[in-house]
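Colleague: Show me how the following folds:
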Amino acid sequence: MVKKLTYKTQGTCSSHIELEVEDGVITEIFFWGGCNGNLQGIRALVKGMKMEDVIEKLEGIRCGNRSTSCPDQLCKALRQIQEA
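Modeller: Purely as a prediction, here's the structure:
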């Protein structure tokens, strides 16, 4: 089953993350705003990965002195999809 989500981020330079997940695997991901090069890199790395693996690797990463980061916000979005 395909699940789609537009997640409004908090505490990051990016404002939204658009996700598409099919059978627990990330099939599409787009970040709105933020550091374009870094977010393209994250997109390339996580596309095709299982949600659980991404959460395990990226959850809790901080950006500078912020309490979160774009990778951490991605994990929050993935957890929201898991709960749906």
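
Colleague: Quick check: buried residues in stretch 16-32?
Modeller: 16-17, 19-21, 26, 29, 31 (16 or more other C-beta atoms under 10 Å). No exception for glycine: its C-beta is placed from N, CA and C like everyone else's.

Colleague: So residue 59 versus residue 37, what's the distance?
Modeller: Applying C-beta to C-beta, to the nearest Å, the value for residue 59 to residue 37 is 22 Å.

Colleague: any idea which residue sits dead centre in the chain?
Modeller: Residue closest to the average C-alpha location in the chain (C-alpha atoms, centre = their mean): residue 74, at 2.2 Å.

Colleague: quick one: pLDDT of it?
Modeller: On pLDDT, residue 74 comes in at 98.

Colleague: Equivalent analysis for residue 8, please.
Modeller: On pLDDT, residue 8 comes in at 98.

Colleague: what's across from it in the sheet?
Modeller: residue 16 (DSSP bridges).

Colleague: Surely it is in contact with residue 16?
Modeller: Yes: shown here, residue 8 and residue 16 form a contact pair, counting by C-beta atoms under 8 Å, at 5.7 Å.

Colleague: Within the helices and strands, which one has residue 57?
Modeller: Taking DSSP states H and E as the definition, one finds residue 57 inside helix 51-58.

Colleague: Now do the same contact list for residue 62.
Modeller: Contacts for residue 62 were tallied using C-beta atoms under 8 Å, 6 or more residues apart in numbering; they are 68-69, 72.

Colleague: Then residue 5 would be within a strand, right?
Modeller: Yes: when classified by DSSP: H, G, I helix; E, B strand; the rest coil, residue 5 is found to be part of a strand.

Colleague: now that we're looking at it, which residues does it contact?
Modeller: Residues in contact with residue 5 (C-beta under 8 Å, 6+ apart) are 17-19, 21, 77, 80-81, 84.

Colleague: I am finished for the moment; much appreciated.
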